[in-house]
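S.K.: 3D model of this:
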Amino acid sequence: MARRVLVTGGGSGIGRAVARDFAATGDAVTICGRNAEALAETDGGRGMTCRVADISDEAQVGALFDRPYDVVVANAGAGNAAKLADTTLEDWNRTLAVTLTGVFLTFRAALPLMGPGGRLIAIGSTASLQGGSNIAAYAAAKHGVLGLVRSVAKEVAKKGITCNAVCPGFVDTPMAARAAEGLMSRLGVAREEAVAMLCSNNPVNRLITPEEVASSVLYLASPGAAMVNGHALTVSGGEL
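M.R.: Prediction:
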């Protein structure tokens, strides 16, 4: 029987790879995001349901759950590189609203309709487990995501539901491209050097592919991961 899967931030990057992998297994996939054209591109005729929604908006998130889901992947997130002294309150609030509050709203709305065997999966980051220069707001939000995951895992365990996080390093996504462009602008380096700097903490010395992250998500959603709960699964080539 096909599972019902919701992937937030499904218009590009990790969310796109996750949604396509679930669809390839025959699951009934719903994707949401703020850009209808990007969602349609992710679908590409795969039969997904596309819903336009801002996951930092409580009412819009609530409207997504007009049906139950067996697997909910809270992937949507945002963040820009900036020194703490240059981070405005608006930047801080926007980063937390999408990256942390969005996961809270998504999981909170999912749980009343989710039965035994359900899977809640958040896309964290290596920044969920360590700090970094010029990413104070993003790291704070991603640390919060992991704290949320570990707490929810304790609450739902006896219901037969699991809650976990996948924590990748730099992934070859539009967010990484923007980070590289920021380095190019600030330091006056070529794109190849900027990408190498992003990968410098990864012993494999390359960007992670979205598909590699998606494989970890599908594992956590599988029956074989029923006893994996409250876990931060790092996909970072040995960075952590």
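
S.K.: any idea which element residue 21 lies in?
M.R.: Secondary structure from DSSP states H and E places residue 21 in helix 13-24.

S.K.: Now the element after that helix, going C-ward?
M.R.: The helix or strand immediately downstream of helix 13-24 is strand 28-33, counting by DSSP H and E.

S.K.: rewinding a little: can you list the buried residues in the helix holding residue 21?
M.R.: 13, 14, 15, 16, 17, 18, 19, 20, 21, 22, 23 (16 or more other CB atoms under 10 Å). In short, each C-beta sits where N, CA and C put it, glycine included.

S.K.: quick one: average pLDDT of that helix?
M.R.: In this model, helix 13-24 has a mean pLDDT of 98.

S.K.: And for stretch 96-108?
M.R.: Averaged across stretch 96-108, pLDDT comes to 98.

S.K.: quick one: buried residues of that stretch?
M.R.: By neighbour count on 16+ other CB under 10 Å, the buried set for stretch 96-108 is 96, 97, 98, 99, 100, 101, 102, 103, 104, 105, 106, 107.

S.K.: centre of the chain versus that stretch, how much separation?
M.R.: 11 Å (CA atoms, centre = their mean, to the nearest Å).

S.K.: Just the CA coordinates for the longest helix along the chain, please, in PDB.
M.R.: When the chain is parsed with DSSP state H, its longest helix is helix 136-156. Only the C-alpha atoms of helix 136-156 are listed here, as PDB (Å, rounded to 0.1, in the frame of the first residue of the first chain):
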ATOM      1  CA  ALA A 136      25.100  32.400  14.000                       C
ATOM      2  CA  ALA A 137      21.400  32.700  13.100                       C
ATOM      3  CA  TYR A 138      21.400  29.600  10.900                       C
ATOM      4  CA  ALA A 139      23.400  27.500  13.400                       C
ATOM      5  CA  ALA A 140      21.100  28.600  16.200                       C
ATOM      6  CA  ALA A 141      18.000  27.600  14.200                       C
ATOM      7  CA  LYS A 142      19.500  24.300  13.200                       C
ATOM      8  CA  HIS A 143      20.500  23.500  16.800                       C
ATOM      9  CA  GLY A 144      16.900  24.300  17.700                       C
ATOM     10  CA  VAL A 145      15.700  21.800  15.000                       C
ATOM     11  CA  LEU A 146      17.700  19.000  16.600                       C
ATOM     12  CA  GLY A 147      16.500  19.900  20.100                       C
ATOM     13  CA  LEU A 148      13.000  19.800  18.800                       C
ATOM     14  CA  VAL A 149      13.500  16.400  17.100                       C
ATOM     15  CA  ARG A 150      15.000  14.800  20.200                       C
ATOM     16  CA  SER A 151      12.200  16.100  22.400                       C
ATOM     17  CA  VAL A 152       9.400  15.000  20.000                       C
ATOM     18  CA  ALA A 153      11.000  11.600  19.700                       C
ATOM     19  CA  LYS A 154      10.500  11.100  23.400                       C
ATOM     20  CA  GLU A 155       6.900  12.100  23.100                       C
ATOM     21  CA  VAL A 156       5.900   9.900  20.200                       C
END
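
S.K.: Would you mind giving the buried residues of helix 13-24 as TSV with distance to residue 207 added?
M.R.: As requested, the buried residues of helix 13-24 are exported to TSV (distance: CB to CB, whole Å):
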residue	distance to residue 207
13	11
14	12
15	17
16	16
17	13
18	17
19	20
20	19
21	19
22	23
23	24
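
S.K.: one step back: now do the helix holding residue 21: which elements does it pack against?
M.R.: The helices and strands touching helix 13-24, judged by 3 or more CB pairs under 8 Å, 6 or more residues apart in numbering; DSSP states H and E, are strand 4-8, strand 28-33, helix 36-43, strand 71-74, helix 210-220.

S.K.: about what we covered before: just the ones of the buried residues of stretch 96-108 in strands?
M.R.: If you go by DSSP state E, the buried residues of stretch 96-108 have nothing in strands.
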